[in-house]
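Enquirer: What follows is a predicted structure for the sequence shown.
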Amino acid sequence: MKSLVVLSLVGLVVLAMSGEANAERADCDGGKKPEDSDFTHFFKNLGCKVKQGAEDVAEAAKPYADKISDGAKDLGQSVAHQYDVLKHKLSDEGSTTPRGAVPYDAPTEKVPLAPIAPSPPPAL
């Protein structure tokens, strides 16, 4: 599960960077521009290397991500199928058994009620 989340994040990063690929590709392909300082050139170069590394990781992880997604789909379908089978089995069993009161076949005895006491005598 964690690997799926990581791969999703890597994929989002790659997709986000692909929109800016043309502008950054010119920066990555070219050398140091005269107007850039060493500090700026270092970070542009580092950004290009990180981007290229992320693209390589995403490309290498794609078969694994596809395999994981296919396995998750198969698992989800099998769980849904088993749920449907169990649901129909329980609903079929429920329709054959009578619903309502369970008949009580044991003998019953009549028990006389205790006599009601006379009203208390008036207070003296």
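Expert: Alright, I've got the coordinates. Residues are numbered from 1 along each chain as shown.
Enquirer: Spell out the secondary structure type for residue 69.
Expert: Here residue 69 is recorded as helix under DSSP: H, G, I helix; E, B strand; the rest coil.
Enquirer: May I ask which helix or strand of the chain has the lowest mean pLDDT?
Expert: The helix or strand of the chain with the poorest confidence is helix 21-29; it has a mean of 55 (mean pLDDT, DSSP states H and E).
Enquirer: mind listing the strands for this protein?
Expert: When secondary structure is read from DSSP state E, the chain shows no strands.
Enquirer: Give me the below-cutoff pLDDT ranges for it.
Expert: Confidence mapping of the chain against pLDDT under 70 gives the ranges 1, 4-7, 9-27, 30-35, 93-104, 106, 124.
Enquirer: could you pull out the helices for it?
Expert: Ranges of helices in the chain, per DSSP state H, are 2-19, 21-29, 38-96.
Enquirer: where's residue 43 relative to residue 37, distance?
Expert: Distance from residue 43 to residue 37, counting by Cβ to Cβ, to the nearest Å: 10 Å. From N, CA and C alone the C-beta is placed, and that goes for glycine too.
Enquirer: cool, residue 55 as well?
Expert: 27 Å.
Enquirer: Could you tell me how many residues sit around residue 51?
Expert: As a burial measure, the neighbour count of residue 51 was computed by other Cβ atoms under 10 Å and equals 19.
Enquirer: oh, I was asking about residue 80
Expert: The local packing of residue 80 (other Cβ under 10 Å) involves 10 other residues.
Enquirer: Likewise for residue 54?
Expert: Using other Cβ under 10 Å, residue 54 is surrounded by 15 other residues.
Enquirer: Return the distance of it relative to residue 107.
Expert: If you go by Cβ to Cβ, the gap between residue 54 and residue 107 works out to 82 Å.
Enquirer: what's the nearest residue to residue 28 if we skip its chain neighbours?
Expert: Residue nearest to residue 28 in three dimensions, not counting chain neighbours: residue 48, with 3.8 Å by Cβ to Cβ, 6 or more residues apart in numbering.
Enquirer: Could you tell me how many residues sit around that neighbour?
Expert: Other residues near residue 48 come to 15 when the count uses other Cβ under 10 Å.
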